[in-house]
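In: mind looking at a prediction? Sequence and model below.
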Amino acid sequence: MNNILEVKNIQKSYATKQVIKDLSFTIKKGETIGLLGPNGAGKTTTLDLVLGIKNVDQGSIRLYNHNPIDFPKKEYNRIGVQFQHSFYPDYITVSEICQMTNVLYTKTDNYHDLLKKFGLGDKEKQKVQSLSGGEKQKLAVLLALLNKPEIVFLDELTTGLDPQARRDVWDVLKDLKEKGLTIFLTSHYMDEVEQLCDKLLIINDGILVFQGTSENLKTKYNTSSLEEAYLKLLKEDHHA
Amino acid sequence: MRKLSTLYFIELKLVIREISGVLFGVVIPVGLIFLLGALYGDKTISDTSNITMFQQAVPGVITIGLCASGLMGLPLAIANYRDKRILRRYQVTPTSPLILLFVQVFVQATIAIISAALVLAVAFIFFGYSMIGSPLAFIGIYILLLLSIFSIGMLIASVSNNVNTASLLAIILYFPMFLLSGATIPFEILPNSIQSISKVFPLTQGIILLKEVSISTSPNISILMLILLGGIFIIFTLLSNKFFKYEY
(Lines give C-alpha, C1' and ligand atoms only; values in the text may rest on other atoms or scores of the structure.)
Protein backbone atom coordinates (compact mmCIF):
# COMPACT_ATOMS: atom_id res chain seq x y z
CA MET A 1 0.00 0.00 0.00
CA ASN A 2 1.79 3.11 -1.12
CA ASN A 3 -1.04 5.61 -0.88
CA ILE A 4 0.15 8.36 1.43
CA LEU A 5 -3.19 10.12 1.37
CA GLU A 6 -6.71 8.84 0.72
CA VAL A 7 -9.61 11.25 0.61
CA LYS A 8 -13.10 9.76 0.22
CA ASN A 9 -16.29 11.74 -0.42
CA ILE A 10 -15.53 14.53 2.02
CA GLN A 11 -17.88 17.40 2.78
CA LYS A 12 -17.30 20.55 4.84
CA SER A 13 -19.50 23.54 5.65
CA TYR A 14 -18.83 26.76 7.51
CA ALA A 15 -21.97 28.27 9.04
CA THR A 16 -24.34 28.39 6.07
CA LYS A 17 -21.84 27.88 3.26
CA GLN A 18 -20.91 24.42 2.04
CA VAL A 19 -17.28 24.82 0.98
CA ILE A 20 -16.51 21.20 0.08
CA LYS A 21 -19.44 19.34 -1.45
CA ASP A 22 -17.87 16.10 -2.66
CA LEU A 23 -14.20 15.41 -3.03
CA SER A 24 -12.24 12.17 -3.41
CA PHE A 25 -8.64 11.58 -4.46
CA THR A 26 -5.51 9.72 -3.49
CA ILE A 27 -1.81 10.59 -3.47
CA LYS A 28 0.79 7.90 -3.99
CA LYS A 29 4.34 8.05 -2.74
CA GLY A 30 6.57 10.07 -5.08
CA GLU A 31 3.73 11.81 -6.92
CA THR A 32 3.44 15.54 -7.41
CA ILE A 33 -0.19 16.57 -7.35
CA GLY A 34 -1.49 20.04 -8.19
CA LEU A 35 -4.78 21.23 -6.74
CA LEU A 36 -6.29 23.92 -8.95
CA GLY A 37 -9.45 25.94 -8.88
CA PRO A 38 -10.71 29.52 -8.73
CA ASN A 39 -10.42 31.54 -5.51
CA GLY A 40 -12.98 30.28 -3.03
CA ALA A 41 -13.21 26.85 -4.69
CA GLY A 42 -12.11 25.14 -1.46
CA LYS A 43 -8.37 24.59 -1.98
CA THR A 44 -7.20 25.95 1.35
CA THR A 45 -10.06 24.23 3.18
CA THR A 46 -9.00 20.95 1.56
CA LEU A 47 -5.48 21.46 2.94
CA ASP A 48 -6.85 22.28 6.41
CA LEU A 49 -8.90 19.07 6.41
CA VAL A 50 -6.08 16.89 5.11
CA LEU A 51 -3.68 18.29 7.73
CA GLY A 52 -6.10 17.82 10.61
CA ILE A 53 -6.54 21.50 11.41
CA LYS A 54 -10.26 21.15 10.77
CA ASN A 55 -12.54 18.12 10.84
CA VAL A 56 -14.69 16.91 7.93
CA ASP A 57 -18.49 16.88 8.25
CA GLN A 58 -18.84 13.78 6.10
CA GLY A 59 -16.51 11.30 4.41
CA SER A 60 -13.09 10.11 5.47
CA ILE A 61 -9.44 11.08 5.15
CA ARG A 62 -6.49 8.78 5.81
CA LEU A 63 -3.05 10.38 5.96
CA TYR A 64 -0.35 7.75 6.50
CA ASN A 65 -3.25 5.54 7.55
CA HIS A 66 -4.32 7.88 10.35
CA ASN A 67 -7.35 10.10 10.63
CA PRO A 68 -5.73 13.58 10.42
CA ILE A 69 -7.94 14.97 13.19
CA ASP A 70 -6.18 12.68 15.69
CA PHE A 71 -2.91 12.42 13.85
CA PRO A 72 -0.06 11.29 16.13
CA LYS A 73 2.15 14.33 16.81
CA LYS A 74 5.34 12.38 16.07
CA GLU A 75 4.14 11.60 12.53
CA TYR A 76 4.25 15.31 11.63
CA ASN A 77 8.00 14.75 11.30
CA ARG A 78 7.19 13.21 7.91
CA ILE A 79 5.24 16.23 6.73
CA GLY A 80 6.26 19.71 5.60
CA VAL A 81 3.73 22.52 5.37
CA GLN A 82 3.74 25.97 3.81
CA PHE A 83 0.54 27.88 4.44
CA GLN A 84 -0.78 30.53 2.13
CA HIS A 85 0.16 33.91 3.65
CA SER A 86 2.92 32.94 6.04
CA PHE A 87 3.50 35.25 8.95
CA TYR A 88 6.48 35.40 11.26
CA PRO A 89 7.10 36.74 14.75
CA ASP A 90 8.00 40.45 14.73
CA TYR A 91 11.70 41.36 14.82
CA ILE A 92 12.87 37.79 14.13
CA THR A 93 15.88 37.25 11.86
CA VAL A 94 16.11 34.71 9.05
CA SER A 95 18.54 32.47 10.92
CA GLU A 96 16.44 32.68 14.12
CA ILE A 97 13.26 31.54 12.36
CA CYS A 98 15.24 28.66 10.85
CA GLN A 99 16.62 27.65 14.27
CA MET A 100 13.18 27.94 15.83
CA THR A 101 11.63 25.77 13.14
CA ASN A 102 14.52 23.31 13.42
CA VAL A 103 13.95 22.52 17.08
CA LEU A 104 10.31 21.64 16.46
CA TYR A 105 11.36 18.53 14.52
CA THR A 106 13.36 15.42 15.33
CA LYS A 107 15.70 15.58 12.35
CA THR A 108 16.38 18.51 10.09
CA ASP A 109 18.40 19.64 7.12
CA ASN A 110 21.24 22.15 7.36
CA TYR A 111 19.45 25.46 6.98
CA HIS A 112 22.57 27.32 5.82
CA ASP A 113 22.73 25.07 2.75
CA LEU A 114 19.04 25.42 2.02
CA LEU A 115 19.23 29.22 2.31
CA LYS A 116 22.04 29.20 -0.26
CA LYS A 117 20.03 26.97 -2.61
CA PHE A 118 17.15 29.41 -2.40
CA GLY A 119 19.39 32.42 -2.98
CA LEU A 120 18.95 33.67 0.58
CA GLY A 121 22.46 32.79 1.78
CA ASP A 122 23.42 36.42 2.45
CA LYS A 123 20.20 37.23 4.33
CA GLU A 124 20.76 35.13 7.48
CA LYS A 125 21.27 38.07 9.83
CA GLN A 126 18.53 40.16 8.24
CA LYS A 127 15.12 40.65 9.85
CA VAL A 128 12.40 38.65 8.13
CA GLN A 129 10.17 41.74 7.97
CA SER A 130 12.82 43.55 5.91
CA LEU A 131 12.83 40.86 3.19
CA SER A 132 11.00 41.48 -0.08
CA GLY A 133 7.68 39.71 -0.69
CA GLY A 134 9.37 37.20 -2.96
CA GLU A 135 12.13 36.47 -0.44
CA LYS A 136 9.58 35.93 2.31
CA GLN A 137 7.69 33.52 0.09
CA LYS A 138 10.89 31.60 -0.68
CA LEU A 139 11.61 31.46 3.04
CA ALA A 140 8.14 30.01 3.65
CA VAL A 141 8.79 27.21 1.14
CA LEU A 142 12.25 26.63 2.65
CA LEU A 143 10.83 26.28 6.16
CA ALA A 144 8.40 23.65 4.86
CA LEU A 145 11.36 21.62 3.59
CA LEU A 146 13.60 22.08 6.62
CA ASN A 147 12.49 18.88 8.37
CA LYS A 148 13.32 16.71 5.31
CA PRO A 149 9.67 15.73 4.88
CA GLU A 150 8.44 12.73 2.90
CA ILE A 151 5.48 14.78 1.71
CA VAL A 152 5.23 18.54 1.49
CA PHE A 153 2.04 20.62 1.28
CA LEU A 154 2.53 23.95 -0.47
CA ASP A 155 -0.35 26.44 -0.66
CA GLU A 156 0.28 28.89 -3.51
CA LEU A 157 4.00 28.36 -3.34
CA THR A 158 5.18 30.94 -5.86
CA THR A 159 2.60 33.71 -5.49
CA GLY A 160 4.53 36.99 -5.42
CA LEU A 161 7.77 35.59 -6.83
CA ASP A 162 9.57 37.08 -9.81
CA PRO A 163 10.28 34.74 -12.76
CA GLN A 164 13.84 33.97 -11.68
CA ALA A 165 12.81 33.24 -8.09
CA ARG A 166 10.05 30.92 -9.33
CA ARG A 167 12.64 28.99 -11.36
CA ASP A 168 14.86 28.73 -8.27
CA VAL A 169 11.99 27.27 -6.24
CA TRP A 170 10.99 24.91 -9.05
CA ASP A 171 14.57 23.68 -9.41
CA VAL A 172 14.84 22.87 -5.72
CA LEU A 173 11.49 21.05 -5.80
CA LYS A 174 12.36 19.11 -8.97
CA ASP A 175 15.61 18.05 -7.37
CA LEU A 176 13.81 16.83 -4.22
CA LYS A 177 11.16 15.14 -6.37
CA GLU A 178 13.92 13.16 -8.09
CA LYS A 179 14.97 12.01 -4.63
CA GLY A 180 11.46 10.74 -3.89
CA LEU A 181 9.68 13.68 -2.25
CA THR A 182 5.89 13.62 -2.59
CA ILE A 183 4.42 17.06 -3.28
CA PHE A 184 0.89 18.38 -2.91
CA LEU A 185 0.57 21.94 -4.09
CA THR A 186 -2.07 24.50 -4.93
CA SER A 187 -1.43 27.05 -7.62
CA HIS A 188 -2.98 29.54 -9.98
CA TYR A 189 -0.14 29.30 -12.48
CA MET A 190 -0.60 26.86 -15.36
CA ASP A 191 3.07 26.95 -16.37
CA GLU A 192 3.97 25.97 -12.81
CA VAL A 193 1.70 22.95 -12.63
CA GLU A 194 2.77 21.87 -16.13
CA GLN A 195 6.41 22.02 -15.03
CA LEU A 196 5.99 20.25 -11.72
CA CYS A 197 2.85 18.14 -11.48
CA ASP A 198 2.27 14.54 -12.52
CA LYS A 199 -1.44 14.85 -11.94
CA LEU A 200 -3.96 17.65 -11.61
CA LEU A 201 -7.02 17.89 -9.41
CA ILE A 202 -9.33 20.72 -10.41
CA ILE A 203 -12.06 21.74 -8.02
CA ASN A 204 -14.81 24.24 -8.61
CA ASP A 205 -17.32 25.26 -5.97
CA GLY A 206 -16.29 22.40 -3.70
CA ILE A 207 -16.62 19.65 -6.30
CA LEU A 208 -13.88 17.78 -8.14
CA VAL A 209 -14.42 18.57 -11.81
CA PHE A 210 -11.28 17.07 -13.31
CA GLN A 211 -8.64 14.56 -12.36
CA GLY A 212 -5.79 13.55 -14.65
CA THR A 213 -2.63 14.76 -16.36
CA SER A 214 -2.29 18.15 -18.00
CA GLU A 215 -2.00 16.31 -21.34
CA ASN A 216 -5.37 14.65 -20.69
CA LEU A 217 -6.98 18.02 -20.09
CA LYS A 218 -5.46 19.63 -23.16
CA THR A 219 -6.53 16.67 -25.35
CA LYS A 220 -10.04 16.85 -23.93
CA TYR A 221 -10.42 20.45 -25.08
CA ASN A 222 -8.28 20.04 -28.16
CA THR A 223 -5.85 22.82 -27.34
CA SER A 224 -2.11 23.12 -26.75
CA SER A 225 -2.58 25.64 -23.93
CA LEU A 226 -3.32 24.28 -20.47
CA GLU A 227 -4.68 27.64 -19.42
CA GLU A 228 -7.21 27.62 -22.25
CA ALA A 229 -8.27 24.07 -21.44
CA TYR A 230 -8.62 24.98 -17.75
CA LEU A 231 -10.75 28.03 -18.49
CA LYS A 232 -12.97 26.05 -20.87
CA LEU A 233 -13.46 23.39 -18.22
CA LEU A 234 -14.55 25.96 -15.63
CA LYS A 235 -16.83 27.74 -18.08
CA GLU A 236 -18.48 24.45 -19.02
CA ASP A 237 -18.88 23.56 -15.36
CA HIS A 238 -20.38 26.95 -14.68
CA HIS A 239 -23.06 26.44 -17.33
CA ALA A 240 -23.83 22.92 -16.18
CA MET B 1 15.78 20.64 26.61
CA ARG B 2 17.53 22.05 23.54
CA LYS B 3 14.09 22.74 22.13
CA LEU B 4 13.01 24.69 25.19
CA SER B 5 16.23 26.65 25.57
CA THR B 6 16.39 27.59 21.86
CA LEU B 7 12.79 28.78 21.87
CA TYR B 8 13.28 30.56 25.20
CA PHE B 9 16.35 32.54 24.16
CA ILE B 10 14.98 33.51 20.76
CA GLU B 11 11.65 34.59 22.27
CA LEU B 12 13.48 36.56 24.97
CA LYS B 13 15.49 38.39 22.29
CA LEU B 14 12.29 39.19 20.39
CA VAL B 15 10.62 40.64 23.50
CA ILE B 16 13.67 42.80 24.20
CA ARG B 17 13.86 43.99 20.56
CA GLU B 18 10.19 44.88 20.67
CA ILE B 19 11.14 47.44 23.40
CA SER B 20 7.66 48.42 24.69
CA GLY B 21 7.71 45.46 27.11
CA VAL B 22 11.07 46.60 28.43
CA LEU B 23 9.88 50.19 28.61
CA PHE B 24 6.70 49.44 30.59
CA GLY B 25 8.14 46.52 32.54
CA VAL B 26 11.66 47.69 33.39
CA VAL B 27 12.43 51.31 32.49
CA ILE B 28 9.31 52.81 34.13
CA PRO B 29 9.64 51.02 37.51
CA VAL B 30 13.40 51.65 37.67
CA GLY B 31 12.85 55.32 36.82
CA LEU B 32 10.08 55.52 39.41
CA ILE B 33 12.21 54.06 42.19
CA PHE B 34 14.86 56.74 41.52
CA LEU B 35 12.16 59.39 41.64
CA LEU B 36 10.61 58.07 44.87
CA GLY B 37 14.02 57.69 46.49
CA ALA B 38 14.84 61.32 45.72
CA LEU B 39 11.39 62.55 46.82
CA TYR B 40 11.10 60.65 50.09
CA GLY B 41 14.68 60.89 51.32
CA ASP B 42 14.74 59.58 54.90
CA LYS B 43 11.17 60.57 55.78
CA THR B 44 9.50 58.07 58.07
CA ILE B 45 5.84 57.07 57.85
CA SER B 46 5.12 58.69 61.24
CA ASP B 47 7.00 60.49 64.00
CA THR B 48 6.94 57.41 66.21
CA SER B 49 7.96 54.90 63.53
CA ASN B 50 11.42 54.25 62.17
CA ILE B 51 10.04 52.72 58.96
CA THR B 52 10.71 55.06 56.05
CA MET B 53 8.22 56.03 53.39
CA PHE B 54 10.69 54.69 50.86
CA GLN B 55 10.71 51.27 52.54
CA GLN B 56 6.94 51.26 52.33
CA ALA B 57 6.97 52.22 48.62
CA VAL B 58 9.50 49.66 47.34
CA PRO B 59 7.21 46.58 47.32
CA GLY B 60 4.64 48.37 45.14
CA VAL B 61 7.21 49.46 42.56
CA ILE B 62 8.55 45.91 42.45
CA THR B 63 5.17 44.70 41.18
CA ILE B 64 4.99 47.11 38.21
CA GLY B 65 7.14 44.86 36.03
CA LEU B 66 5.09 41.84 36.96
CA CYS B 67 1.91 43.64 36.00
CA ALA B 68 3.26 44.97 32.70
CA SER B 69 4.53 41.54 31.62
CA GLY B 70 1.59 39.56 32.92
CA LEU B 71 -1.28 41.80 31.88
CA MET B 72 0.14 43.35 28.71
CA GLY B 73 3.21 41.49 27.44
CA LEU B 74 1.82 37.99 27.80
CA PRO B 75 -1.69 38.38 26.32
CA LEU B 76 -0.46 40.63 23.51
CA ALA B 77 2.30 38.20 22.52
CA ILE B 78 -0.07 35.23 22.48
CA ALA B 79 -2.86 37.06 20.65
CA ASN B 80 -0.28 38.26 18.15
CA TYR B 81 0.94 34.70 17.56
CA ARG B 82 -2.62 33.59 17.05
CA ASP B 83 -3.33 36.45 14.62
CA LYS B 84 -0.18 35.65 12.68
CA ARG B 85 -1.28 32.01 12.57
CA ILE B 86 1.97 30.93 14.19
CA LEU B 87 0.05 28.73 16.66
CA ARG B 88 -1.64 27.12 13.67
CA ARG B 89 1.76 26.44 12.13
CA TYR B 90 2.79 24.59 15.33
CA GLN B 91 -0.31 22.43 15.06
CA VAL B 92 1.16 20.70 11.99
CA THR B 93 4.57 20.03 13.56
CA PRO B 94 5.61 17.32 16.06
CA THR B 95 5.74 20.04 18.74
CA SER B 96 2.62 21.14 20.59
CA PRO B 97 1.73 24.84 20.32
CA LEU B 98 1.41 24.66 24.13
CA ILE B 99 5.22 24.69 24.28
CA LEU B 100 5.22 28.14 22.72
CA LEU B 101 2.71 29.35 25.32
CA PHE B 102 4.84 28.00 28.19
CA VAL B 103 7.97 29.56 26.72
CA GLN B 104 6.15 32.88 26.43
CA VAL B 105 5.10 32.67 30.11
CA PHE B 106 8.72 32.03 31.14
CA VAL B 107 10.03 34.84 28.95
CA GLN B 108 7.54 37.33 30.39
CA ALA B 109 8.27 36.11 33.92
CA THR B 110 11.96 36.67 33.21
CA ILE B 111 11.28 40.31 32.32
CA ALA B 112 9.20 40.71 35.51
CA ILE B 113 11.92 39.22 37.69
CA ILE B 114 14.69 41.26 36.04
CA SER B 115 12.57 44.35 36.71
CA ALA B 116 12.05 43.44 40.37
CA ALA B 117 15.76 42.67 40.83
CA LEU B 118 16.80 45.99 39.26
CA VAL B 119 14.34 47.96 41.38
CA LEU B 120 15.70 46.27 44.52
CA ALA B 121 19.29 46.84 43.41
CA VAL B 122 18.70 50.55 42.77
CA ALA B 123 16.89 50.91 46.12
CA PHE B 124 19.72 49.15 47.91
CA ILE B 125 22.70 50.78 46.16
CA PHE B 126 21.45 54.35 45.81
CA PHE B 127 19.03 54.76 48.70
CA GLY B 128 20.32 52.36 51.33
CA TYR B 129 17.15 50.24 51.26
CA SER B 130 16.95 47.32 53.64
CA MET B 131 14.11 44.86 54.07
CA ILE B 132 13.00 44.69 57.68
CA GLY B 133 10.96 41.50 57.32
CA SER B 134 11.75 38.10 55.86
CA PRO B 135 13.08 38.07 52.27
CA LEU B 136 11.91 34.45 51.89
CA ALA B 137 8.32 35.31 52.80
CA PHE B 138 8.58 38.26 50.40
CA ILE B 139 9.74 36.01 47.54
CA GLY B 140 6.99 33.50 48.31
CA ILE B 141 4.28 36.14 48.11
CA TYR B 142 5.85 37.67 45.01
CA ILE B 143 5.64 34.29 43.24
CA LEU B 144 2.04 33.78 44.33
CA LEU B 145 1.16 37.25 43.03
CA LEU B 146 3.00 36.56 39.77
CA LEU B 147 1.04 33.36 39.25
CA SER B 148 -2.29 35.05 39.88
CA ILE B 149 -1.58 38.10 37.67
CA PHE B 150 -0.20 35.89 34.86
CA SER B 151 -3.29 33.67 35.01
CA ILE B 152 -5.42 36.79 34.42
CA GLY B 153 -3.17 37.64 31.46
CA MET B 154 -3.64 34.11 30.08
CA LEU B 155 -7.41 34.48 30.31
CA ILE B 156 -7.20 37.74 28.34
CA ALA B 157 -5.15 35.86 25.73
CA SER B 158 -7.70 33.04 25.62
CA VAL B 159 -10.85 35.10 25.17
CA SER B 160 -9.45 37.75 22.79
CA ASN B 161 -10.30 37.01 19.19
CA ASN B 162 -7.54 39.30 17.96
CA VAL B 163 -4.70 41.56 19.09
CA ASN B 164 -6.93 44.64 19.27
CA THR B 165 -9.32 42.99 21.73
CA ALA B 166 -6.37 41.74 23.76
CA SER B 167 -4.80 45.19 23.98
CA LEU B 168 -8.12 46.80 24.91
CA LEU B 169 -8.69 44.28 27.73
CA ALA B 170 -5.07 44.60 28.83
CA ILE B 171 -5.32 48.38 29.05
CA ILE B 172 -8.67 48.22 30.91
CA LEU B 173 -7.12 45.95 33.53
CA TYR B 174 -3.58 47.29 33.59
CA PHE B 175 -3.99 51.03 34.12
CA PRO B 176 -6.46 50.99 37.04
CA MET B 177 -4.24 48.44 38.80
CA PHE B 178 -1.10 50.40 37.90
CA LEU B 179 -2.50 53.66 39.31
CA LEU B 180 -4.79 52.60 42.15
CA SER B 181 -3.33 49.50 43.72
CA GLY B 182 -0.42 51.21 45.43
CA ALA B 183 2.19 50.31 42.83
CA THR B 184 2.76 53.95 41.83
CA ILE B 185 0.62 56.29 43.92
CA PRO B 186 0.92 55.30 47.61
CA PHE B 187 -2.22 53.39 48.59
CA GLU B 188 -2.26 55.20 51.95
CA ILE B 189 -2.97 58.63 50.40
CA LEU B 190 -5.93 57.47 48.25
CA PRO B 191 -9.43 58.47 49.46
CA ASN B 192 -11.26 55.73 51.38
CA SER B 193 -13.84 55.25 48.62
CA ILE B 194 -11.15 54.57 46.02
CA GLN B 195 -9.26 52.38 48.45
CA SER B 196 -12.27 50.13 48.88
CA ILE B 197 -12.83 49.86 45.11
CA SER B 198 -9.13 49.21 44.58
CA LYS B 199 -9.19 46.39 47.11
CA VAL B 200 -10.93 44.13 44.60
CA PHE B 201 -7.74 44.07 42.50
CA PRO B 202 -5.54 41.10 43.30
CA LEU B 203 -2.57 43.41 42.77
CA THR B 204 -3.76 45.63 45.65
CA GLN B 205 -3.99 42.61 47.91
CA GLY B 206 -0.59 41.38 46.76
CA ILE B 207 1.02 44.74 47.43
CA ILE B 208 -0.58 44.97 50.89
CA LEU B 209 0.88 41.54 51.67
CA LEU B 210 4.30 42.42 50.24
CA LYS B 211 4.40 45.66 52.26
CA GLU B 212 3.43 43.84 55.42
CA VAL B 213 6.13 41.16 55.12
CA SER B 214 8.79 43.66 54.04
CA ILE B 215 8.34 46.20 56.85
CA SER B 216 7.50 43.93 59.75
CA THR B 217 9.42 41.23 61.55
CA SER B 218 6.17 39.72 62.81
CA PRO B 219 3.86 40.38 59.86
CA ASN B 220 0.12 40.20 60.22
CA ILE B 221 -0.61 38.05 57.16
CA SER B 222 -4.19 37.58 56.11
CA ILE B 223 -4.67 33.91 55.24
CA LEU B 224 -7.81 34.94 53.41
CA MET B 225 -5.75 37.11 51.03
CA LEU B 226 -3.34 34.26 50.36
CA ILE B 227 -6.27 31.97 49.56
CA LEU B 228 -7.75 34.69 47.35
CA LEU B 229 -4.54 34.99 45.29
CA GLY B 230 -4.14 31.23 45.05
CA GLY B 231 -7.81 30.87 44.14
CA ILE B 232 -7.52 33.47 41.37
CA PHE B 233 -4.56 31.56 39.96
CA ILE B 234 -6.43 28.25 39.92
CA ILE B 235 -9.75 29.60 38.63
CA PHE B 236 -8.27 31.84 35.94
CA THR B 237 -5.93 29.08 34.75
CA LEU B 238 -8.87 26.67 34.45
CA LEU B 239 -10.96 29.30 32.65
CA SER B 240 -8.22 30.23 30.21
CA ASN B 241 -7.69 26.55 29.50
CA LYS B 242 -11.41 26.17 28.84
CA PHE B 243 -11.69 29.14 26.48
CA PHE B 244 -8.36 28.83 24.71
CA LYS B 245 -8.42 28.48 20.92
CA TYR B 246 -5.53 28.14 18.50
CA GLU B 247 -7.53 30.08 15.96
CA TYR B 248 -10.56 32.37 15.99
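Out: That came through, no problem.
In: residue of chain B closest to chain A, please.
Out: residue B:84 (3.6 Å; C-beta to the nearest C-beta). For every residue, glycine as well, the C-beta is placed using N, CA and C.
In: hmm, residue A:85 and that residue touching each other?
Out: No - judged on C-beta atoms under 8 Å, residue B:84 makes no contact with residue A:85 at a distance of 9.5 Å.
In: tell me which of those two has more neighbours.
Out: The neighbour comparison of residue B:84 against residue A:85 (other C-beta atoms under 10 Å in any protein chain shown) goes to residue B:84, with 17 against 12.
In: next up, the contacts around the closest residue to residue A:18 other than its chain neighbours.
Out: Among residues not flanking residue A:18 along the chain, residue A:206 sits closest, at 6.2 Å (C-beta to C-beta, 6 or more residues apart in numbering or on different chains). With contacts defined as C-beta atoms under 8 Å, 6 or more residues apart in numbering or on different chains, the neighbours of residue A:206 are A:18, A:19, A:20, A:21, A:22, A:23, A:41, A:42.
In: can you tell me how far the residue of chain B closest to chain A is from residue A:59?
Out: 31 Å (C-beta to C-beta, to the nearest Å).
In: go on, residue A:41?
Out: Counting by C-beta to C-beta, the gap from residue A:41 to residue A:59 is 17 Å.
In: the two: which has the busier surroundings?
Out: residue A:41 (22 against 16).
In: chain B: helices as residue ranges?
Out: Assignment of helices within chain B using DSSP state H yields the ranges B:2-18, B:20-22, B:28-40, B:53-67, B:74-83, B:86-91, B:97-127, B:135-159, B:163-180, B:192-198, B:202-215, B:223-243.
In: and for chain A?
Out: So, for chain A - with DSSP H - the helices run A:43-50, A:94-102, A:111-117, A:133-145, A:163-178, A:190-196, A:214-220, A:226-239.
In: out of those helices, nearest to residue B:110?
Out: Nearest of these to residue B:110, taken as C-beta to C-beta: helix A:94-102 at 17.6 Å.
In: how far out from the middle of the chain is that closest one?
Out: Centre-to-centre, helix A:94-102 and its host chain are 21 Å apart (C-alpha atoms, centre = their mean, to the nearest Å).
In: and what of stretch A:85-103?
Out: When distances are taken as C-alpha atoms, centre = their mean, stretch A:85-103 is centred 20 Å away from the chain's centroid.
In: hmm, who's touching it?
Out: A:108, A:111, A:115, A:120, A:123-129, A:131, A:136-137, A:139-140, A:142-143, A:146-147, B:2-3, B:6-7, B:10-11, B:13-14, B:17-18, B:80-81, B:83-86, B:89, B:95.
In: give me the buried subset of those.
Out: If you count burial by 16 or more other C-beta atoms under 10 Å in any protein chain shown, the buried members of the contacts of stretch A:85-103 come out as A:108, A:111, A:115, A:120, A:123, A:127-128, A:131, A:136-137, A:139-140, A:142-143, A:146-147, B:6-7, B:10-11, B:14, B:18, B:80-81, B:83-86, B:89, B:95.
In: count of residues packed around the residue of chain A found nearest chain B?
Out: Residue nearest to chain B within chain A: residue A:87 (3.6 Å; C-beta to the nearest C-beta). Residues within reach of residue A:87, counting by other C-beta under 10 Å, total 17.
In: residue B:228 too?
Out: 15.
In: which positions in the worst-scoring helix or strand of chain A on mean pLDDT come out as buried?
Out: Every helix and strand of chain A was ranked by mean pLDDT, DSSP states H and E. The lowest is helix A:226-239, at a mean of 88. Within helix A:226-239, the residues that count as buried by 16+ other C-beta under 10 Å are A:226, A:229, A:230, A:232, A:233, A:234.
In: hmm, residue A:226 is touching residue A:195, no?
Out: No - using C-beta under 8 Å, residue A:226 makes no contact with residue A:195, being 10.6 Å away.
In: state the distance from the nearest residue to residue B:110 once chain neighbours are set aside to residue B:103.
Out: Counting by C-beta to C-beta, 6+ apart, residue B:12 is the residue found nearest to residue B:110 once chain neighbours are left out, at 6.3 Å. Using C-beta to C-beta, residue B:12 is found at 9 Å from residue B:103.
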